[in-house]
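J.: Everything below, folded, please.
(2 chains)
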Amino acid sequence: MPSRAGSSPRTLAEELRSRDDTALAALLRARPDLAVPLPASTTALATRATTRASVQRALDALDAPALQVAEVLAALPSPVTAAAVSRAWGAKASPQLAVLREQALLWGGDRRLQVVTAVRDVLGPHPAGLGPPLAEALGRRSPQRLAELLEDLGLPGAGDPDRALAALAAHLGDPEAVAALLAAAPEGARTVLERLTWGPPVGAVAQAERSVRAATSTGPVDWLLAHGLLAVAGAGTVVLPREVGLVLRGGRVHREPATAPPPLPLREQPPARVAATAAGAAVEAVRLVEALGQLWSEAPAPVLRAGGLGVRELKRVALALEVDELTTALVVELARTAGLVADDQEVEPRWVPTPRFDGWVEEPVEERWVRLASAWLPSTRVAALVGTRDAKGAARNALGPDVDRAAAVQVRQRVLAELAQLPADAATEQAVLVERMRFAAPRRASRLREELVGWTLREAAWLGVTGAGALSPGGRALVAGDEEAAAAALATALPAPVRQVLLQADLTAVAPGPLEPEPARRLAQLATVESRGGATVYRFDASSVRRALDAGSTADEALRFLAEVSATGVPQPLEYLVRDVARRYGRVRVGSAGAYLRAEDESVLTELLSERRCASLGLRRLAPTVLAAAAEPDRVLAVLREVGIAPAAEGPDGELVLRRATAHRSGTRQLPRPLPSEVPAPTAALLDAAVRALRAGDEDAVAEERRRASTAQAPPLPAMDPAVSLAVLRDAAARRRAVWLGYADATGQTARRLVEPLSVEGGRVTALDRTDPAGAQEVRTYSVHRVTGVAVHDG
Amino acid sequence: MNDGPLIVQSDKTLLLEVDHDRARACRAAIAPFAELERAPEHVHTYRLTPLGLWNARAAGHDAEQVVDTLLEFSRYPVPHALLVDVAETMARYGRLQLLNDPAHGLVLHALDTPVLEEVLRSRKVAPLVGARIAPDAVVVHPSERGNLKQVLLKLGWPAEDLAGYVDGEAHPIELAEDGWSLRPYQQEAVEGFWHGGSGVVVLPCGAGKTLVGAGAMAQAKATTLILVTNTVSARQWRDELLKRTSLTEDEIGEYSGARKEIRPVTIATYQVVTTKRKGAYPHLELFDARDWGLILYDEVHLLPAPIFRMTADLQARRRLGLTATLVREDGREGDVFSLIGPKRYDAPWKDIEAQGYIAPADCVEVRVTLPESERLLYATAEDEDRYRLCSTSPAKSRVVEKLVKQHRGEPTLVIGQYIDQLDDLAERLDAPVIKGETTVRERQRLFEAFRTGEISTLVVSKVANFSIDLPEAKVAIQVSGSFGSRQEEAQRLGRVLRPKGDGGTARFYTVVSRDTKDQDFAAHRQRFLAEQGYAYRIVDADDLDHGVPDSDGVLPDA
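T.: Now for the predicted structure:
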């Protein structure tokens, strides 16, 4: 926003007030935290925009060039000209200055740029690794030593310390003067300076505070101190003053202005491979989530008291799904994020599928995938953290409260956006993605974020959002927000489903592609899956056939199904197996009345009686064909199966009971919400409302000020820079004077308090509140960043 | 989408659809690096294992070829992680090399110094190596060459053995190819072995492994030590060598329990070599008795542990292993790889059958329902007796009688585990029986009589499991076996797979007691048959009255 020449505003609030609506909206869009809750007026807005917390947030979001320019501004004294900033940065800084101005981190005309004080605070005492200014660095010296310094530098004596400091700063900020000094420096002095030049500007020396004179200096450090090229920072430390540092850096604040991010290298993949590989991964991910739901449907997993899924339970799931624990963590997290499993919130809570799961299972694969992938996109859950240890050394649990990371969403969105801007079927390198992310928000860079890049890529590949490292067509559509197109893209890449399998004499069946759901379900009942991938290999054995019989199928039905589904007929050994198991099926019947075993066949019971593995059941013979068991029927059944007999459970009326596991469901549940990280970006309507509210607030404020002005008691309270307010408050505390305090409460409402400040410390004002006209007084504490203005009370 | 014959599964199995147009090309391409696990009728299963991939590396294939092959023939996209894994596994072979250094003798040399650092840190490697002579090389004592290779394989960094071989004492040996010659695959096997230096040749039973051995000897032209499983097998090797090579009786020695001759070509049995007396092996001298130029191991999959240990000391000599299967029931495939050498040649059973070199076989399982009284006996028996009980049921003997009657006149072997049962069968069938106590002379007489057709039925115990050569056995009836041994099944099947004079189909019966342990073990063995591509059928003993139909369902003439 170019400022109008000649009409340089006096405060940030004033500048904000003069902005047009679009510019105000732009500010609120760039710093959404300023709009929540709605500020009452531009004054309140300015106050909030200059608080440390908000400025920190804004700086965190800046990219490398804008942050560097902010550092330049922090390093140079205010006000400063735009040209000086560009010079000190080493590149044309006007675009970055415009960004900083738009975000209210900077105000004033191009010739009088003022950086918001909080920016200096947040960037710390050493912006870009530069030390404190000379005036501050040498300010600790006594007037006598300042005079000595002037003398040693061959400068005329100055009357008072302030003028002495000004003269020193002017001299040592001059490159030629510094060059001349260095030319005469003793050996080693330059090395000392070089070490401090690019920061950190502080070095440790013994007895830094001793008095040194040019004539009597012994070492290089002494010499530098005696000539003001180093200043004393503390008992054992010296610091390179900012002006000197800048001269040594050749007038630049940074080595190199970071103007453009490193380009992404391209790794082209063969066209069909990306879509096909991603499709394979997508199908597998969907299958695993479904398998998890089926597993918990039959045997729900307990919820830990602290929430989450225990390590042993996770291992059990991993075993059942036949994947590693890392993948398992991803599966359970994804299933919950997509609302397919949830805590049933019973007295003893368990993880169970939700009603939503039943609907999901019925949908076609591509739709199911879209549901998973679009739940993953905004999720803050980081499955890769499962199993790692927190600060206290406790392992983080899957589905637990400790694996939410706000950064996950930001990193994921950025990584996917980067991939989306590559040409189709092109992959890139993780290291460059990490570098570019650091460029986009240097202050946010952290180990977690860098690891998140790798984790995001891994999860994306696992989920089929990418294939062979490149964004898949489906993934691309999803990132663009088009779920329908994403489903369609995946559907075209899926291998055509097959209806027939190859049955073989070694009692295996091979489905040479994804099997249609109905035959797949029936086959999975009759046989055990032995190998998965593009194809599925099933193996038939006595126990798998028995399982099908348990589920109510008959031998004839099973064989009819096999004949129908087989491309090559039913091999004789397989037919024999099915008939043989059916022949033996139900030969032994087990009752629940205390548990009894009866069989038409005496010898079977005799065999059981002498079977060592049955000893624990407490069997005894009641009749030639009936045994009684001490154990519960379930246990009896289990042991008998182990022994290799196919027992059938018998109901009270003597009929066979089909034993099928009940399917557990939770109640209807809300989708879990991702962790609120950033304040959500405001919508256009909200922005519009906010700007209008600000304007209205300003008018009210003006009216209010006028009204207040008419009463003697309450003076007008113009919005003040917090630095100014702070100074007034400190002064009032020192002199025990009462002041009027404009104060914004948590909802953004401003109120006036008549207070007597007692102390000002750590960003807080403790004061005696005398506002109550009735005369009641109380001591309260106010946050300085909420103080909108201060006026001395005349009374 | 690619319409290839191969499906790559995420568990590293490869499914090959055999009826596909490109199946043959695909099989040829994947055979060098994937192990054939099962070969039933429609879809063959291969598996990618580290050993298989290292075998391929040893044979000169690289990871790129493997990956390209998978991508070329695969119907569906190959999981990326699997390709990465293949490349990484293959890259591990040969990063360490055993070399002969002119100055220091045998050294372990690393192409990649960090790998050397890693393995030297292992406590198992430290005692096997000497001084570090360079950042990338360390001295190895020649006697530890084999042990080191074993340990390195276990650490996952198999060394490439380039240290070469001693020539051994020269001895002229020629093949006497009068009226016969090596079959093409035998020739290829010999060449594959010779170029590799040492290693294993895998050929099905009956495919003429002895001739591959003879070919290798003719190639080496040096004194040879042949290790075989038992005395009968030793005699057969001897006879075969006399017939097929220029060797004379004086040149071939037998080193067995009965005789201890050491000649330029010496045939010893595993049993005598591994006999232990007072905690020591008295026959170890055999290995040092001559400067052997070649050591032959028959039936490598049965090689007993002590021989592995002895072999570890013989790494400077050329070694050839012969076997029908690399599968070892004890899982020591890695020791075969590191001590004998990588697989140098392998031909699928069915391929050789298709070329007419071994006979096709029709496998039938006959299920016998035990009578009530026997079932009761079985039910009340102790666990350890049950298997014997159900295996030796008299009901089985009656079935065997019927089967032998059906095949009257055809050379028939009845094979069993339990001597009582065999004696009983011999009596019922009026046939001679060969068991452990039968003298070698008597055995050879009976074999000869069987060969000439003088007797048509022979009852044999497990002593005949290995290396007996019965050219015209057309029917084998297995009444009992050692539990579920797949190896034994292969051997027994081998008995009937020698090519028949009339080119007819051999019949392989297994008689099994229904609903007993016998049936469970039989299932395990049959799985092996089916996996080798032999369709098998199951018939009920009660349906035998009209004979067992052939594989097309035609009943024998009444």
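
J.: now residue A:36: how far from residue A:783?
T.: Note on residue A:36: its distance to residue A:783, by CB to CB, to the nearest Å, is 18 Å. Any C-beta I mention is one placed from the backbone N, CA and C, and that applies to glycine too.

J.: now swap in residue A:103 and tell me
T.: 22 Å.

J.: What residue in the stretch 301-450 of chain A comes nearest to chain B?
T.: Nearest to chain B, among the residues of the stretch 301-450 of chain A, is residue A:322, at 8.4 Å (CB to the nearest CB).

J.: Run a quick neighbour tally on that residue.
T.: For residue A:322, the count of nearby residues is 14 (other CB atoms under 10 Å in any protein chain shown).

J.: That one: what's its closest spatial neighbour, skipping adjacent residues?
T.: residue A:532 (7.9 Å; CB to CB, 6 or more residues apart in numbering or on different chains).

J.: How many neighbouring residues does that neighbour have?
T.: So residue A:532, with other CB under 10 Å, has 15 neighbours.

J.: quick one, what contacts it?
T.: For residue A:532, the contact set (CB atoms under 8 Å, 6 or more residues apart in numbering or on different chains) comprises A:284, A:287, A:322, B:9-11.

J.: By neighbour count, which of those residues wins?
T.: residue B:9 (23 neighbours).

J.: The residue nearest to residue A:322 and residue A:51, how far apart?
T.: 56 Å.

J.: what secondary structure does residue A:262 sit in?
T.: Of the three states, residue A:262 takes coil under DSSP: H, G, I helix; E, B strand; the rest coil.

J.: pLDDT at it, what is it?
T.: We have a pLDDT of 90 for residue A:262.

J.: Could you check what's spatially nearest to it, not counting adjacent residues?
T.: That would be residue A:435: by CB to CB, 6+ apart, it lies 5.2 Å from residue A:262.

J.: Same question for residue A:780.
T.: Residue A:780 sits nearest to residue A:769 (CB to CB, 6+ apart), 4.9 Å away.

J.: Name the secondary structure element that contains residue 286.
T.: Defaulting to chain A. helix A:271-298 (DSSP states H and E).

J.: Sorry, I should have been clearer: chain B.
T.: helix B:285-289.

J.: How about residues contacting that helix?
T.: B:225, B:255, B:262, B:266, B:268, B:273, B:310, B:313-314.

J.: so which of the residues you listed is the most crowded?
T.: That'd be residue B:225 among those, by other CB under 10 Å, with 26 neighbours.

J.: where along the stretch 301-450 of chain B do the helices fall?
T.: B:305-312, B:333-335, B:349-354, B:372-380, B:383-391, B:394-406, B:419-429, B:440-452 (DSSP state H, counting those that start in this stretch).

J.: Tell me which of these sits nearest to chain A.
T.: Nearest of these (CB to the nearest CB): helix B:372-380, 3.5 Å.

J.: Would you mind listing what in chain B touches chain A?
T.: Within chain B, the positions adjacent to chain A are B:1-2, B:7-11, B:13, B:15, B:17, B:38, B:40-43, B:45, B:74-77, B:79-80, B:372, B:375-376, B:378-380, B:383, B:515, B:520, B:526-527, B:530-531, B:535-538 by CB under 8 Å from any CB of the partner chain.

J.: Kindly give a single ChimeraX line that selects the buried subset of those residues.
T.: Selection of the buried residues among those in ChimeraX, burial being defined by 16 or more other CB atoms under 10 Å in any protein chain shown:
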select /B:7,8,9,10,13,15,17,38,40,41,42,43,45,74,75,76,77,79,80,375,378,379,515,526,527,530,531,535,536,537,538
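
J.: For residue A:194, grab the count of nearby residues.
T.: Using other CB under 10 Å: residue A:194 sits among 10 other residues.

J.: Quickly find the element holding it.
T.: Counting by DSSP H and E, residue A:194 is part of helix A:189-197.

J.: and that helix, which residues are buried?
T.: A:189-190, A:192-193, A:196-197.

J.: Tell me which two of the residues you listed sit farthest apart.
T.: A:189 and A:197 (12.5 Å; CB to CB).

J.: Tell me if I am right that residue A:759 is in a strand.
T.: Yes. Counting by three-state DSSP, residue A:759 is part of a strand.

J.: how far away is the residue nearest to it when sequence neighbours are not counted from residue A:752?
T.: Closest residue to residue A:759 apart from its sequence neighbours, by CB to CB, 6+ apart: residue A:766 at 4.9 Å. According to CB to CB, residue A:766 stands 18 Å off from residue A:752.

J.: Comparing the two, which shows the higher neighbour count?
T.: Neighbour tally, residue A:766 and residue A:752, criterion other CB under 10 Å: the higher count belongs to residue A:752, 19 against 15.

J.: which SSE is the more buried one in?
T.: Going by DSSP H and E, residue A:752 is in strand A:750-761.

J.: OK, contacts around residue A:478?
T.: Residue A:478 touches A:370, A:373-374, A:377, A:465, A:486, counting by CB under 8 Å, 6+ apart.

J.: Is residue B:462 in contact with residue B:417, as I believe?
T.: Yes. Using CB atoms under 8 Å, residue B:462 is in contact with residue B:417, at 6.0 Å.

J.: Could you check which residue of the stretch 151-300 of chain B lies nearest chain A?
T.: For the stretch 151-300 of chain B, CB to the nearest CB, closest residue to chain A: residue B:204, 17.6 Å.

J.: which SS state does that residue fall under?
T.: coil.

J.: how much space between it and residue B:229?
T.: Taking CB to CB, one finds residue B:204 at 17 Å from residue B:229.

J.: of those two, who's got more company?
T.: residue B:204 (24 against 20).

J.: wait, doesn't that one sit right on residue B:324?
T.: Yes. Contact criterion CB under 8 Å: residue B:204 and residue B:324 qualify, at 5.4 Å.

J.: Not counting its neighbours along the chain, what's nearest residue B:249?
T.: Per CB to CB, 6+ apart, closest to residue B:249 is residue B:242, 6.6 Å.

J.: wait, that neighbour sits on residue B:252?
T.: Yes. At 7.0 Å, residue B:242 and residue B:252 qualify as touching, with contact defined as CB under 8 Å.

J.: neighbour count winner among these two?
T.: Counting neighbours by other CB under 10 Å for residue B:242 and for residue B:252 shows that residue B:252 has the greater number, 22 against 15.

J.: burial measure for residue B:169, as a count.
T.: 13.

J.: ok, now residue A:271?
T.: Look at residue A:271: counted by other CB under 10 Å, it has 10 neighbours.

J.: One more: the one 5 residues further on?
T.: Neighbours of residue A:276 under the rule other CB under 10 Å: 24.

J.: Let me know whether it touches residue B:77 as I believe.
T.: Yes. Between residue A:276 and residue B:77 there is a contact at 4.0 Å, judged by CB under 8 Å.

J.: Residues that sit against both of these two, list them.
T.: Contacts common to residue A:276 and residue B:77, judged by CB under 8 Å, 6+ apart, are residue A:467.

J.: Beyond the helix holding residue A:286, next helix or strand please.
T.: From helix A:271-298, the next helix or strand downstream (DSSP H and E) is strand A:301-302.

J.: on that earlier part again, how about the contacts of helix B:285-289 in a markdown table, adding pLDDT?
T.: Shown next, in a markdown table, are the contacts of helix B:285-289 (pLDDT from 0 to 100):
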| residue | pLDDT |
| --- | --- |
| B:225 | 92 |
| B:255 | 87 |
| B:262 | 87 |
| B:266 | 92 |
| B:268 | 90 |
| B:273 | 83 |
| B:310 | 80 |
| B:313 | 78 |
| B:314 | 80 |
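
J.: Mind putting the residues you listed into a markdown table with distance to residue B:422?
T.: Converted to a markdown table, the contacts of helix B:285-289 look like this (distance: CB to CB, whole Å):
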| residue | distance to residue B:422 |
| --- | --- |
| B:225 | 34 |
| B:255 | 30 |
| B:262 | 36 |
| B:266 | 33 |
| B:268 | 29 |
| B:273 | 29 |
| B:310 | 35 |
| B:313 | 41 |
| B:314 | 39 |
